[in-house]
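Asks: when you get a sec, could you give me coordinates for this:
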Amino acid sequence: MEFAIVAFPIIECADLIASVRRRFDPLDGLLPAHVTIAFPFSEPGVEASLERLLGEATVGVDPFDITLAPPTSAGDNYIFMELSEGADRFGLVHERLYSGALARHRSSSQGYRPHVTVGHLSSSEDLTSATAQAADILSRPLRGRVDAVSVFRLDYPWRGEVVFTLPLGARPS
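Replies: Numbering: from 1, shown residues only. Predicted coordinates:
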């Protein structure tokens, strides 16, 4: 069992993103369009403390707007929409999580770039063509809003569920 920390933004034209994901993203049926804040990790006994850890990482982070840039391709045959607005907030929560309780799960191979994945192709599929098709459908920047973050439990193969959702903003102490 693994856990990931994600946000499910409310995005304009979400139906268009969903149509691209249905076509190009094998995880489409597992979870809706999302921004991953902490990548899948496994740690015995962590489930009991995740709500507290996430609460500490989101202190002072109020709901915020995002803007998704049109799709581009990335290594390992991914198609994603990077954030041109709101990436700093995701970066803050990501950094707090990985400099604290999740430090040993941090990958140092590359920097954190918040995005929404809209495709992951096999090596036999044409990434250039798929990216062009996705960009035709999602040709303009899309705006959205993030008002909560969630812990998602992955029960392989291809199963998972949201364990809990934590609203952003002022919380009672």
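
Asks: so for this protein, the centremost residue is which one?
Replies: Nearest residue to the geometric centre of the chain (C-alpha atoms, centre = their mean): residue 35, 1.8 Å.

Asks: show me what it bridges to in the sheet.
Replies: Assessed by DSSP bridges, residue 35 has beta-bridge partners residue 7, residue 116.

Asks: hang on, it packs against residue 9?
Replies: Yes: Residue 35 is within contact range of residue 9, at 6.5 Å (criterion: C-beta atoms under 8 Å). (C-beta placed from N, C-alpha, C; glycine too.)

Asks: anything in contact with each of these two?
Replies: 66, 116, 146 (C-beta atoms under 8 Å, 6 or more residues apart in numbering).

Asks: tell me where the model's unsure across the chain.
Replies: 108-110, 170-173 (pLDDT under 70).

Asks: circling back to that earlier point, just among the shared contacts of residue 35 and residue 9, which is most surrounded?
Replies: Highest neighbour count within those, by other C-beta atoms under 10 Å: residue 116, with 26 neighbours.

Asks: any idea how far it lies from residue 33?
Replies: Distance, residue 116 to residue 33, using C-beta to C-beta, to the nearest Å: 5 Å.

Asks: joint contacts of the two?
Replies: Listed as contacting both residue 116 and residue 33 by C-beta under 8 Å, 6+ apart are 9, 11, 17.

Asks: got those residues as CSV, with secondary structure columns?
Replies: Shown next, in CSV, are the shared contacts of residue 116 and residue 33 (DSSP: H, G, I helix; E, B strand; the rest coil):
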residue, secondary structure
9, coil
11, strand
17, helix
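
Asks: residues near residue 142, how many?
Replies: 20.

Asks: just give the nearest non-adjacent residue to it, would you?
Replies: Nearest non-adjacent residue to residue 142, counting by C-beta to C-beta, 6 or more residues apart in numbering: residue 68, 4.6 Å away.

Asks: residue 82 is in contact with the one you found, correct?
Replies: Yes: using C-beta under 8 Å, residue 68 and residue 82 qualify as a contacting pair, with a distance of 7.3 Å.

Asks: between the two, which one's more packed in?
Replies: Taking other C-beta under 10 Å, residue 68 and residue 82 do not tie; residue 68 has more neighbours (29 against 16).
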